[in-house]
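Q: Return atomic coordinates for the entry below.
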Amino acid sequence: MRRVKITFIAVVLLCIITACGNAEADYSETNDSKDAIPVQTGQIFLFGERHGCADTMDKQLEIWGNFYHQYGMRHLFLEMPYFGAQWLNLWMHSDDDVILYEMFDDIAGTLSHVPHTLIFFRTIKQEFPGTIFHGTDVGHQSDTQGQRFLQYLYDNDMQDTESYTITRMKMAQFERFMEEVATHGEWHAHAVRAYYKPQNFIREFDQLAHQNVMAIHGMLHVELTQHFKQIPNVPSMAYILRERYGDALHTFNMDVLLQIQEPLRIEEVVLGGMAFEGSYFGAGREVIRDEVARFFWRVEDAPEVIRSSPPAGIAVPFDHFPMTVEVGQVFIIDFHQADGSVLRRYFAARGNYQNGRPVAEQFFP
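A: Prediction:
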């Protein structure tokens, strides 16, 4: 596995590390179930990702390797059901990959159903064998791996255990989620997930006495915002965790960690009828609607008259750029459309924000 320096992680850890709730009979949860166990004193390193990206998973392996070997971390929280994480823990002690292949088949049709997912988990088993997985999502794949896990518990005379109770609880959460999908649509149903996921995370985390953990979840769940843009009046998981754990929660954007520092090449670009040196950084990681790709140039030494042009049009968040962005910089972005056309647009980073995220704003030179 490639080893890449991640000094910022080491510095953060050096500074920080040195300095099951009850269920009702019907497996539903009460609002105060998360308070049944005292708040634990460990640190949470929460990473937001775009699911299924190979370079993202490689970077996560590097970070987890640093946590695992340098700081003795063992607990890895993932955006999967409780019973999915328990299957992974069983697989970690098995002699073959039968369980892993079954789980991989279960997630067919999802963003994570890519070959690199298998590489990700096999690398953890081989290089970090003491890893303990924790699942925080509602019970997706209840009818496959969920039912298999219940059968496993039954076959091993474990139906009176906490694992059985929690598995049924997560399956009930998924049933509630699917009811909302059928009644109000998928986006509205995600409010159900947004309600349950922090509870699930808190339950898993507070059972670990004085343990630091790494967590990997979708980008939306990691943004420290009180309201999802797509789901009004629903706080993100990270927001709720920050309310409970304060400065013990540390959030990171995987897109930002993957941004490059040096351009791929230097070439001439034209802006406002004038020629400038342009640093080309290649394609970004985000497209929308009818786009197929975005390509980025940083315009070097753009004059103040251009940098101060009034904003007009769209804005692009800093974490969509393939390189790091600083306030005062000017950019050219080519938007390649599905019909083969290319839209060239110009952006300036002025220190403004949209939806709590720093953005570069389009202007007309």
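Q: From here on, just use CA atoms for contacts and neighbour counts.
A: Noted.
Q: how distant is stretch 296-313 from the center of its chain?
A: 31 Å (C-alpha atoms, centre = their mean, to the nearest Å).
Q: ok, now stretch 116-126?
A: For stretch 116-126, the distance to the chain centre is 18 Å (C-alpha atoms, centre = their mean).
Q: pLDDT of it, averaged?
A: Averaged over stretch 116-126, pLDDT sits at 97.
Q: Just the buried positions in it, please.
A: His116, Thr117, Leu118, Phe121, Arg122, Ile124, Lys125 (16 or more other C-alpha atoms under 10 Å).
Q: What of stretch 129-148?
A: So, applying 16+ other C-alpha under 10 Å, buried residues of stretch 129-148: 130-142, 145-147.
Q: just the CA coordinates of that stretch, formatted as CSV?
A: What follows is stretch 129-148, C-alpha atoms only, in CSV (Å, rounded to 0.1, in the frame of the first residue of the first chain):
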residue,chain,number,x,y,z
PRO,A,129,-6.2,-7.0,11.5
GLY,A,130,-7.3,-5.6,14.8
THR,A,131,-9.8,-3.2,13.3
ILE,A,132,-13.3,-3.3,14.8
PHE,A,133,-16.1,-2.1,12.6
HIS,A,134,-19.2,-0.2,13.8
GLY,A,135,-22.3,0.5,11.7
THR,A,136,-24.4,3.6,12.2
ASP,A,137,-26.9,3.6,9.4
VAL,A,138,-30.5,2.3,9.4
GLY,A,139,-31.0,-1.3,8.4
HIS,A,140,-30.4,-1.2,4.6
GLN,A,141,-30.1,-4.7,3.2
SER,A,142,-32.4,-6.0,5.9
ASP,A,143,-33.9,-8.6,3.6
THR,A,144,-30.4,-10.0,2.8
GLN,A,145,-27.6,-9.6,5.3
GLY,A,146,-29.9,-8.5,8.0
GLN,A,147,-32.0,-11.7,7.8
ARG,A,148,-28.8,-13.8,7.5
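Q: would JSON lines of the buried residues of stretch 116-126 with distance to Val222 be doable?
A: Output for the buried residues of stretch 116-126, formatted as JSON lines (distance: C-alpha to C-alpha, whole Å):
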{"residue": "His116", "distance to Val222": "23"}
{"residue": "Thr117", "distance to Val222": "21"}
{"residue": "Leu118", "distance to Val222": "24"}
{"residue": "Phe121", "distance to Val222": "22"}
{"residue": "Arg122", "distance to Val222": "26"}
{"residue": "Ile124", "distance to Val222": "23"}
{"residue": "Lys125", "distance to Val222": "26"}
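Q: Could you dump the residues you listed into CSV with secondary structure added?
A: Putting the buried residues of stretch 116-126 into CSV (DSSP: H, G, I helix; E, B strand; the rest coil) gives the following:
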residue, secondary structure
His116, helix
Thr117, helix
Leu118, helix
Phe121, helix
Arg122, helix
Ile124, helix
Lys125, helix
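Q: Just the helices from this structure, written as ranges.
A: With helices called from DSSP state H, the chain shows them at 7-18, 54-71, 82-91, 98-106, 115-127, 147-155, 162-184, 186-206, 219-222, 237-245, 254-257, 304-307.
Q: buried stuff in the second one?
A: Right, helix 54-71. Neighbour-count burial for helix 54-71 flags 54, 56-68 (criterion: 16+ other C-alpha under 10 Å).
Q: can these go into TSV with extra columns for distance to Gln86?
A: Shown next, in TSV, are these (distance: C-alpha to C-alpha, whole Å):
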residue	distance to Gln86
Ala54	24
Thr56	24
Met57	21
Asp58	23
Lys59	24
Gln60	20
Leu61	20
Glu62	23
Ile63	22
Trp64	19
Gly65	21
Asn66	24
Phe67	21
Tyr68	20
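Q: Rebuild the residues you listed as TSV, extending it with pLDDT and distance to Gly84.
A: What follows is these, written out as TSV (pLDDT from 0 to 100; distance: C-alpha to C-alpha, whole Å):
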residue	pLDDT	distance to Gly84
Ala54	92	21
Thr56	94	21
Met57	96	18
Asp58	96	21
Lys59	96	23
Gln60	97	19
Leu61	97	19
Glu62	97	23
Ile63	97	22
Trp64	98	19
Gly65	97	22
Asn66	96	25
Phe67	97	23
Tyr68	97	21
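Q: and Asp206, how many residues sit next to it?
A: 21 (other C-alpha atoms under 10 Å).
Q: go on, the one 5 residues further on?
A: As a burial measure, the neighbour count of Gln211 was computed by other C-alpha under 10 Å and equals 18.
Q: for it, what are its contacts?
A: Neighbour list for Gln211: Thr41, Gly42, Gln43, Met73, His75 [criterion: C-alpha atoms under 8 Å, 6 or more residues apart in numbering].
Q: Out of those residues, which comes closest to Thr324?
A: Closest approach to Thr324 among the contacts of Gln211 (C-alpha to C-alpha): Gln43, at 26.7 Å.
Q: does that closest one really touch Gly246, like I thought?
A: No. At 9.9 Å, Gln43 does not count as touching Gly246 under the criterion of C-alpha atoms under 8 Å.
Q: between these two, who's got more neighbours?
A: Gln43 (21 against 12).
Q: thinking again about what came up before, and the contacts of Gln211 as CSV, adding distance to Ala283 and pLDDT?
A: Formatted as CSV, the contacts of Gln211 follow (distance: C-alpha to C-alpha, whole Å; pLDDT from 0 to 100):
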residue, distance to Ala283, pLDDT
Thr41, 41, 75
Gly42, 38, 92
Gln43, 35, 96
Met73, 34, 96
His75, 34, 98
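Q: out of these, which are buried?
A: Judged by 16+ other C-alpha under 10 Å, buried ones among the contacts of Gln211: Gly42, Gln43, Met73, His75.
Q: give me every residue that touches the first one.
A: By that I understand Gly42. Counted by C-alpha under 8 Å, 6+ apart, Gly42 has contacts Ala209, His210, Gln211, Asn212, Val213, Ala248.
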